[in-house]
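> Here is my input; please provide its structure:
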Amino acid sequence: MGGVMGSIYYITKAIKDEKQHSPHQINSTSIRSTLSKKKRRREKQISMQSLLNSNPNFVSIQFNKTSSFRRKNDFITTRISAKVDEFGLLQSDNLFQRNPAISTSYRNSKIPKPNQIVLDAQSRVCTGPTQTKPLNEEQARKVLNTILKSVSGELKEEDEVSKAQLGAFFAAMTIRASSFPESTQWSEGEKRAMSSMWPLLVQVLPPDVIFIANPTGTIMGGSNSIGAQYYGNGNSERRMVSALREVLRGGHLECEDVKGVLRDVLPLEEGKSGVRDSLLSAFLIGQRMNRETDSELEGYCLAFDDELGSTPVADVKSLTHYGEPYDGNTRYFRSTLFVAAVRACYGESCLLHGVDWMPPKGGITEEQMLNFVGANTHLNPLQAKILLEDEDVGFTYLSQREARPSLFSLVTLRDHIKKRPPLATTEKVQQLVRASGREAILAGFYHEGYEDPLLMLMRRRGVHSGLVIKGEEGALSMTTRERPLLASKGLPVNYCSGFRASNHPSAFELNGVSHECFSLEVNAKDYGFESSDTPRTDRSVTTNIKLGLAALHGEKGPAYDRIVLNAGLVDHLLGCDGAEDIQTALDRARAAIDSGKALSKIMNYIKISHKVKEKIS
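Take a look at the predicted model:
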């Protein structure tokens, strides 16, 4: 048995063997010497199909009960490495080489790296009116001199400042000078550096960048009219320049204007002439710096709903759309994939969506985990619909690459603008498949002020219920860890806000259904959970998978508690059938895990996600 599925068998078999050995008994060299080549070949030929038919719950994860959690995790990693080597899986076609274990490894090698000096400056100035950190004179001169050398052709190709970086940096400087409060406008050092460097820069910068840096001809002083007279080439670029003039002065656009600009220029295609990267990056970062209006966010949200034609409708009684931050988790256990498997056990179908890798964090994503365990992550919305309707699965994942190729084409540009564009908010509120029954949308957030716009977008989607969660790292995972007494300012982790169908007297009507609004801070201790630190994953995809599979096998601990908490509380807050009582909802989630059904859902998904492609091809 070879390939991805064979690799999963041996990895999970290695974990199962933990209960048979102590750390002092394991020696990968001695293990290899006791197995003949003939026996190894015979084991590799085991049929995955027969294995699944005889025992769907073939993953058996046991830990040495007397070890600490961290020691257990390190021990399992050692055993997996030994078993992988033992069965000869460290070849060119094996799972570990095709699917890296660290999230940063998923960055496409074809994406050119941005210039780090300018990128560091962007992290300071390409942000909001209260978050911007002005540069001092030395920092500003270093950045401007780097740009001058790059545009003049003095830097090596790998050190060049990209057009997208030029657009983002100078757009930030222009917006700060035009509309930001005094504390985040140009520092005296920035003014002095720009005064001395601009006469040199204006001689070498292309007209589009001069326009971004000096759109009225007055920001830099003197009487340079290049920016004021710049209109772009072609209809699409002229439309972009017109919209950008408004953005660069701190203004806002209507929904239809945003949709029109985006549809004009996307998808970005290699070799295709279109709007310059400098203009598009200035547009994206500029709108985020100005803090988007509801109308602008709606434009980003709806611009590509019909990109692949009409949206498929799944014949399911309930469907929850999960909007995790696309750039993933870098520190803590990401539980949503395993929560979806739990909720699917009792008819709450779940649709997850995202990407394999996304800046700025480049953290662990659901696509990385599914890739690693051998699932098919190249499904289209119609194939996702089939998996949602399959009683043996009941949840699915869609990659932005397949479902919204226009938006996916921006990954490189997003890597070079450093900060999150408006799309980082709106891509979380998608309906890539609809449902015949009730629908709900969940979205994670971090920065205060985006909870209400997200709920607004959910309402305009027409769903029955919506929920935003400030989970750990801005993701959807609520924690069982008790809130520190000296917590940071702003909304706390585990803050939730939303709306759901209700007959309460204070309810409002939405699409003919009465809804009530709510907000609360979830304290896991109130529901019988013991406080525990969230397991660290530190960009390790394998660690995240092991934690999740161990929990679905019934191993009690922090990961198990988080999956139960996030499944049961979401059921209750969304007003799902059978979850009116919180404890009943939590018990139902525990039963789905302890019975082995949730683990079966994951295993079935790995197998059936490959077969569904054959069904409709």
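
> What residues sit buried inside stretch 179-192?
Phe180, Thr184, Gln185, Trp186, Ser187, Gly189, Glu190, Lys191 (16 or more other Cβ atoms under 10 Å). Where C-beta positions appear, they are placed from N, C-alpha and C, glycine not excepted.

> and of the residues you listed, the nearest to Asp533?
Thr184 (35.9 Å; Cβ to Cβ).

> In space, what's closest to the closest one - neighbours in sequence excluded?
The shortest distance from Thr184 to any non-neighbouring residue, by Cβ to Cβ, 6 or more residues apart in numbering, is to Thr132 (4.0 Å).

> contacting residues for that neighbour?
Arg124, Val125, Ala172, Arg176, Phe180, Thr184 (Cβ atoms under 8 Å, 6 or more residues apart in numbering).

> now do Ser436
By Cβ under 8 Å, 6+ apart, the contact set of Ser436 is Val313, Ala314, Asp315, Val316, Lys317.

> circling back: and the buried residues of stretch 179-192, which two are the farthest apart?
Going by Cβ to Cβ, the pair spanning those furthest: Phe180 and Gly189, at 16.2 Å.

> what's the weakest-modelled helix or strand in this protein?
Across the helices and strands of the chain, mean pLDDT, DSSP states H and E gives its lowest value to helix 28-34, namely a mean of 34.

> so how far is Gly498 from the nearest residue to His252 once chain neighbours are set aside?
Excluding the flanking residues, the one nearest His252 by Cβ to Cβ, 6+ apart is Thr293, at 5.0 Å. Distance of Thr293 to Gly498, given as Cβ to Cβ, to the nearest Å: 22 Å.

> Please identify which of the buried residues of stretch 179-192 is nearest to Leu565.
Thr184 (38.9 Å).

> That closest one reaches Pro129, doesn't it?
Yes. Contact criterion Cβ atoms under 8 Å: Thr184 and Pro129 qualify, at 5.7 Å.

> Need the pLDDT of Thr311.
As predicted, Thr311 sits at a pLDDT of 97.

> Mind telling me what element it is part of?
Counting by DSSP states H and E, no helix or strand carries Thr311.

> How many residues are close by it?
For Thr311, the neighbour count with other Cβ atoms under 10 Å is 16.

> Dihedrals phi and psi, it?
Main-chain dihedrals, Thr311, degrees, to the nearest 10: phi -80, psi 130.

> Run through the residues that contact it.
Asp305, Pro381, Gln431, Leu432, Val433, Arg434.

> if we can go back for a sec, which of Thr293 and Gly498 has more residues huddled nearby?
Higher neighbour count among Thr293 and Gly498: Gly498, with 27 against 16, using other Cβ under 10 Å.

> The more buried one - that's part of a strand, no?
Yes. Applying DSSP: H, G, I helix; E, B strand; the rest coil, one finds Gly498 inside a strand.

> Surely it touches His464?
No. If you go by Cβ under 8 Å, Gly498 and His464 don't touch, sitting 11.2 Å apart.

> Tell me which other helices or strands the longest helix along the chain touches.
Ranked by number of residues, the top helix in the chain under DSSP state H is helix 597-616. Applying 3 or more Cβ pairs under 8 Å, 6 or more residues apart in numbering; DSSP states H and E, one finds that helix 597-616 contacts helix 3-16, helix 48-54, helix 336-344, helix 366-373, helix 381-389, strand 395-399, helix 541-552.

> Okay, now stretch 359-366: how far is its last residue from its first?
15 Å (Cα to Cα, to the nearest Å).

> shift numbering so it begins at 684
All set: I'll call the first residue 684, so the last point we hit is now stretch 1042-1049.

> Distance from the chain centre to it, please.
6 Å (Cα atoms, centre = their mean, to the nearest Å).

> before we move on, what about stretch 803-819?
For stretch 803-819, the distance to the chain centre is 23 Å (Cα atoms, centre = their mean).

> how far does it stretch from start to finish?
By Cα to Cα, one end of stretch 803-819 lies 13 Å from the other end.

> gap between the longest strand seen in the chain and the chain center?
Identified as the longest strand of the chain according to DSSP state E is strand 1196-1204. In this view, strand 1196-1204 has its centroid 26 Å away from the chain centroid, taken as Cα atoms, centre = their mean.

> partners of that strand, with directions?
Strand 1196-1204 has its sheet partners listed here by DSSP bridges as strand 1178-1184 (antiparallel), strand 1191-1193 (antiparallel).

> Mean pLDDT and distance to Leu980 added to these, as a markdown table?
Compiled in a markdown table, those are given as follows (pLDDT from 0 to 100; distance: least, Cβ to Cβ, whole Å):
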| stretch | mean pLDDT | distance to Leu980 |
| --- | --- | --- |
| strand 1178-1184 | 94 | 17 |
| strand 1191-1193 | 66 | 18 |
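
> Gly1037: which of those strands is closest?
strand 1178-1184 (21.0 Å).

> for the contacts of Ser1119, which one is nearest Thr787?
Using Cβ to Cβ, the contacts of Ser1119 come closest to Thr787 at Ala997, 34.5 Å.

> give me the beta-bridge partners of the closest one?
Under the criterion used (DSSP bridges), Ala997 bridges to Ala1118.

> Tell me who's in contact with it.
Counting by Cβ under 8 Å, 6+ apart, Ala997 touches Ser1032, Lys1068, Leu1071, Glu1072, Val1116, Arg1117, Ala1118, Ser1119.

> Just the buried subset of those residues, please.
Ser1032, Lys1068, Leu1071, Glu1072, Val1116, Arg1117, Ala1118.

> low-scoring pLDDT stretches of the stretch 1184-1300 of the chain, where are they?
1186-1196, 1297-1300 (pLDDT under 70).

> Over to the stretch 734-883 of the chain?
In the stretch 734-883 of the chain, residues with pLDDT under 70: 734-783.

> okay, among the contacts of Ala997, which ones form the most distant pair?
Glu1072 and Arg1117, at 12.5 Å, using Cβ to Cβ across the contacts of Ala997.

> Touching, Arg928 and Pro898? I think so.
Yes. Using Cβ under 8 Å, Arg928 is in contact with Pro898, at 5.8 Å.

> okay, these two: which has more neighbours?
Shown here are Arg928 and Pro898; by other Cβ under 10 Å, Pro898 has more neighbours (24 against 17).

> about what we covered before: just so I know, which of the strands paired with strand 1196-1204 lies nearest Ile909?
Per Cβ to Cβ, nearest to Ile909 of these: strand 1178-1184, 47.3 Å.

> Pull that closest one out as CSV, backbone CA atoms only.
Extracted as CSV, the C-alpha positions of strand 1178-1184 are listed here (Å, rounded to 0.1, in the frame of the first residue of the first chain):
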residue,chain,number,x,y,z
TYR,A,1178,-16.4,37.3,23.2
CYS,A,1179,-19.3,36.4,21.0
SER,A,1180,-22.0,38.4,19.2
GLY,A,1181,-24.7,37.4,16.9
PHE,A,1182,-28.3,36.9,15.9
ARG,A,1183,-30.7,33.9,15.7
ALA,A,1184,-34.3,33.0,15.0
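
> which residues make contact with that strand from outside it?
Counting by Cβ under 8 Å, 6+ apart, residues outside strand 1178-1184 touching it are 1121, 1134-1135, 1138, 1141-1142, 1147-1153, 1161, 1193, 1196-1205, 1252, 1256-1258.

> Throw together a PyMOL command that grabs the buried residues out of the residues you listed.
For the buried members of the contacts of strand 1178-1184, the matching PyMOL selection, counting by 16+ other Cβ under 10 Å, is:
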select buried, resi 1121+1134+1138+1141+1142+1147+1148+1149+1150+1151+1152+1153+1161+1193+1198+1199+1205+1252+1256+1257+1258
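
> give me phi/psi at the residue nearest to Leu888 when sequence neighbours are not counted?
Nearest residue to Leu888, sequence neighbours excluded (Cβ to Cβ, 6+ apart): Val834, at 5.9 Å. Val834 has phi and psi values of phi -70, psi -30 when expressed as degrees, to the nearest 10.
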